[in-house]
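1. Show me the folded form of this:
(one chain, ligands or ions: 1)
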Amino acid sequence: MAGLKHAQETTPPRRVGLFGGSFDPVHAGHLHAARAALAAFRLDRVVFVPAAVSPHKVGVRLASAAHRTAMLRLAIADEPRFDVSEIEIERGGRSYTIDTVRDLPARIGAARECELFLIIGSDNLALLPTWREAEELLARVQPIIVHRAGEPAVVLDAIEARFGSGVAEKLRAGYLQLPPVVVSSTDLRARLPRGVPPGTDLPAAVAEYIRVNGLYTSGS
Ligand code: ATP
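-> Have a look, this model is predicted:
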């Protein structure tokens with residue numbers, strides 16, 4: 001259950017990072033992004049939200065929601081400010097971030113005046129203005145964009161040309177131009193069946209969970 005990890009806390013979180021994704025599997029890049037966002041924006045909490053079905057990955061076969069959630073819980077076990085919410089899995093169907101933004105604060109017992117921060121990797125930046133109810137979404141959250149690859153200025157200029165300076169300024173303010181941690185779930189799903197050791201790309205407990213449960217054996 002979301003929130004159980006923080007049941008002892010007396011102060012409801014006010015600055016909450018929402019970090020959605022497939023997490024198939026969660027890896028060192030995700031943890032890097034969450035830690036960077038937490039530090040740069042002084043967040044009280046980062047909530048990892050595994051998608052039931054990502055609108056950008058419809059038809060893509062994923063490890064089960066139970067496995068993806070279990071791996072997330074192992075990955076964040078030692079991180080006191082990180083949590084996992086199954087809000088999108090329980091809702092089912094395509095997972096739209098705007099729905100989660102509306103429901104998450106109450107669900108995790110956040111403060112009434114809570115501020116939401118939407119954590120994404122920079123590969124998602126160009127598409128963000130096309131997400132469902134993007135204008136409403138961007139009005140409700142401060143995006144935090146963690147650099148992965150490419151040249152952000154080009155993407156931000158293109159967004160400004162199409163959506164105006166207000167949206168672009170908010171995105172620029174949230175851009176974390178840090179040295180990237182170059183790892184992806186796609187790459188891991190390709191490497192693991194070939195027996196390539198994940199090294200530091202996977203938290204040890206997640207690597208062990210994958211081994212014990214026989215996940216990612218066929219390069220799916
Ligand atoms: P896939 O390779 O299957 O597309 P992914 O590695 O991009 O997966 P997701 O679970 O789709 O992982 O990503 C969830 C969020 O985490 C997205 O916003 C994505 O951009 C971000 N993210 C993933 N990997 C990194 C990374 N190495 N650095 C920063 N952000 C990342």
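2. What's the per-residue pLDDT of residue 10 here?
-> Looking at residue 10, its pLDDT stands at 70.
3. quick check, it in a strand?
-> No - under DSSP: H, G, I helix; E, B strand; the rest coil, residue 10 falls outside any strand and is assigned coil.
4. Tally up the residues packed near it, please.
-> Counted with other Cβ atoms under 10 Å, residues neighbouring residue 10 total 4. Heads up, the C-betas are built off the backbone N, CA and C, glycines and all.
5. how close does it sit to the ligand?
-> Here residue 10 is placed at a distance of 31 Å from the ligand (Cβ to the nearest ligand atom, to the nearest Å).
6. for residue 94, same thing?
-> Going from residue 94 to the ligand by Cβ to the nearest ligand atom gives 15 Å.
7. Spell out which parts of the protein neighbour the ligand.
-> 21-24, 29-30, 32-33, 120-121, 123-124, 146, 148, 181, 183-186 (Cβ under 6 Å from any ligand atom).
8. So which elements touch the helix or strand bottoming out on mean pLDDT in the chain?
-> Lowest on mean pLDDT, DSSP states H and E among the helices and strands of the chain sits helix 152-163, with a mean of 91. Counting contacts by 3 or more Cβ pairs under 8 Å, 6 or more residues apart in numbering; DSSP states H and E, helix 152-163 is packed against helix 165-173.
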